[in-house]
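**Q** when you get a sec, could you give me coordinates for this:
(chains A and B)
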Amino acid sequence: MRGGTGVRADPAGPLVRPYAVTRGRTRPGPGAGLDMISVVVAVRDRAGGAVRQPEHARILRICRRPVSVAELAARLDLPITVVKVLVGDLIAGGDVAARAPLPAADLPESNLLQAVLDGIRRL
Amino acid sequence: MASDGSEPDTRERPDIPVALKILVAGGFGAGKTTLVGSVSEITPLSTEEVMTEAGAGVDDTAGVEDKSTTTVALDFGRITIADEVVLYLFGTPGQDRFWFLWDELAEGALGAVVVADTRRLDSCFPAVDFFERRRIPFALAVNRFDGASRYSAEEVREAVDLGPDVPVVPGDARLRESGKEVLVALVEHVIRRRSPAMSG
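**A** Have a look, this model is predicted:
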């Protein structure tokens, strides 16, 4: 009738709570390639096919207007890594679109830098 | 109009704004988050990133196979430049030993502001070293604390051993005008570095 022989470490390790949301996944789906400043926006007229969890639905609501992964993470109070996984789900399902930041190499042509300068000066 | 449906790779969609980032670095308590808050159009947000600690060059972890994870806090603010461009300012509140995070943070950054506290000038050295080594353009914001002894920009430049082209901008991190001034100096510096042939 004795079941176990005492405490044994779970080989999978302890469950880290934020990752329960992602069912243990720590990487976004292939191809998502999300950065913390990737800008995410909900695709209109989608029924939310990839919504499987409340967090997916919350992300869809927040990104009716374009928003960065970092902002989503702050507003959902979840680590960025977790949000990348969830947004990856939604991208895979076609519910959101994302735009990656410009690669450093072809970072801002001068007109973009000039726009940044003007924008800061207007503050 | 976007062609509908069939093309899932929408990363290049021009109708989604593109984001740029500037890092705000410096020693513990130098005023990084204060500076971010002074120029941000939103109350600075906090989030955290769970990072795998690679350990290389950080600690002597030779022979240690297990990687550990560390949660690192990030504070950030936002400046909407135009409908199609958003600028984010990221600060790492008092966690300057997390170099492995900085590498990821620094990737693709337009540049950086290093906030220096003249009471503890040496606390900005690691950040200065970091950006110099990676050839990331940066400006030094010299945060004047009440009652702190004041040094001229040139005295600070000499003490930190900065190149002559690095902007040194004294100010008060709590004031938007100071924040704007150092960001403008940084972006002008970036523009100069990118177009060395341009001259008057």
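**Q** please enumerate the helices of chain A.
**A** A:17-20, A:54-62, A:69-76, A:80-92, A:110-121 (DSSP state H).
**Q** in three-state terms, label B:Ala112 for me.
**A** Secondary structure, DSSP: H, G, I helix; E, B strand; the rest coil: B:Ala112 is strand.
**Q** tell me how far B:Arg133 lies from B:Pro126.
**A** B:Arg133 is 11 Å from B:Pro126, where distance means CB to CB, to the nearest Å. Any C-beta I mention is one placed from the backbone N, CA and C, and that applies to glycine too.
**Q** verify the stated contact: B:Phe90 with B:Ala25.
**A** No - using CB atoms under 8 Å, B:Phe90 is not in contact with B:Ala25, being 9.1 Å away.
**Q** which strand residues bridge the residue nearest the centre of chain B?
**A** The centre of chain B sits closest to B:Leu23, judged by CA atoms, centre = their mean, with a distance of 1.5 Å. Applying DSSP bridges to B:Leu23 gives these bridge partners: B:Phe90, B:Ala112.
**Q** in this structure it contacts B:Tyr88, no?
**A** No - in terms of CB under 8 Å, B:Leu23 does not count as a neighbour of B:Tyr88; the distance is 9.6 Å.
**Q** show me what counts as buried in stretch B:31-46.
**A** B:31-40, B:44-46 (16 or more other CB atoms under 10 Å in any protein chain shown).
**Q** anything in it sitting right up against chain A?
**A** Yes - on the criterion CB under 8 Å from any CB of the partner chain, stretch B:31-46 is in touch with chain A at B:39, B:41, B:45-46.
**Q** can you put the residues you listed in TSV and add pLDDT and secondary structure?
**A** Formatted as TSV, those follow (pLDDT from 0 to 100; DSSP: H, G, I helix; E, B strand; the rest coil):
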residue	pLDDT	secondary structure
B:Val39	96	helix
B:Glu41	94	coil
B:Leu45	94	strand
B:Ser46	92	strand
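**Q** closest to B:Leu121 among these?
**A** B:Val39 (23.3 Å; CB to CB).
**Q** just the element for the residue nearest to that closest one when sequence neighbours are not counted, please.
**A** Leaving aside its sequence neighbours, B:Val39 sits nearest to B:Gly179 (CB to CB, 6 or more residues apart in numbering or on different chains; 3.8 Å). Element membership for B:Gly179 (DSSP states H and E) is helix B:176-194.
**Q** what ranges does chain B have for its strands?
**A** For chain B, strands defined by DSSP state E occupy the ranges B:18-26, B:45-53, B:68-82, B:85-91, B:111-117, B:138-143, B:168-171.
**Q** what angle do the fourth one and strand B:18-26 make?
**A** With axes from the mean of the first three to the mean of the last three CA atoms, to 10 degrees applied, the angle from strand B:85-91 to strand B:18-26 works out at 20 degrees.
**Q** just the CA atoms of strand B:85-91, as CSV, please.
**A** Taking C-alpha atoms only, strand B:85-91 is exported to CSV below (Å, rounded to 0.1, in the frame of the first residue of the first chain):
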residue,chain,number,x,y,z
VAL,B,85,7.4,55.4,-35.7
VAL,B,86,7.5,54.8,-31.9
LEU,B,87,10.6,55.2,-29.7
TYR,B,88,11.0,53.2,-26.6
LEU,B,89,13.4,54.1,-23.8
PHE,B,90,14.6,51.1,-21.8
GLY,B,91,16.2,51.4,-18.4
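**Q** what about stretch B:108-127, distance to the chain center?
**A** 9 Å (CA atoms, centre = their mean, to the nearest Å).
**Q** buried residues in that stretch?
**A** B:108-118, B:121, B:123-127.
**Q** avg pLDDT for that stretch?
**A** Averaging pLDDT along stretch B:108-127 yields 91.
**Q** got the end-to-end distance for it?
**A** Length of stretch B:108-127, first residue to last, CA to CA, to the nearest Å: 17 Å.
**Q** cool, and stretch A:74-83?
**A** Termini of stretch A:74-83 sit 10 Å apart (CA to CA).
**Q** what does that stretch contact?
**A** A:18-19, A:21-22, A:26, A:36, A:55, A:58-59, A:62, A:69-70, A:72-73, A:86, B:45-50, B:71, B:74, B:76 (CB atoms under 8 Å, 6 or more residues apart in numbering or on different chains).
**Q** and what of stretch A:51-69?
**A** Contacts for stretch A:51-69 (CB under 8 Å, 6+ apart): A:21, A:34-42, A:48, A:50, A:71-72, A:75-76, A:78, A:80, A:83-84, A:86-87, A:89-90, A:93, A:95-96, B:16-17, B:19, B:78, B:86, B:88.
**Q** and stretch B:78-91, by the same measure?
**A** If you take CB under 8 Å, 6+ apart as the criterion, stretch B:78-91 is touched by A:37, A:39, A:66, A:68, A:70-71, A:112, A:115-116, A:118-120, A:123, B:14, B:17-25, B:32-33, B:35-36, B:39-42, B:44, B:74-77, B:105, B:110.
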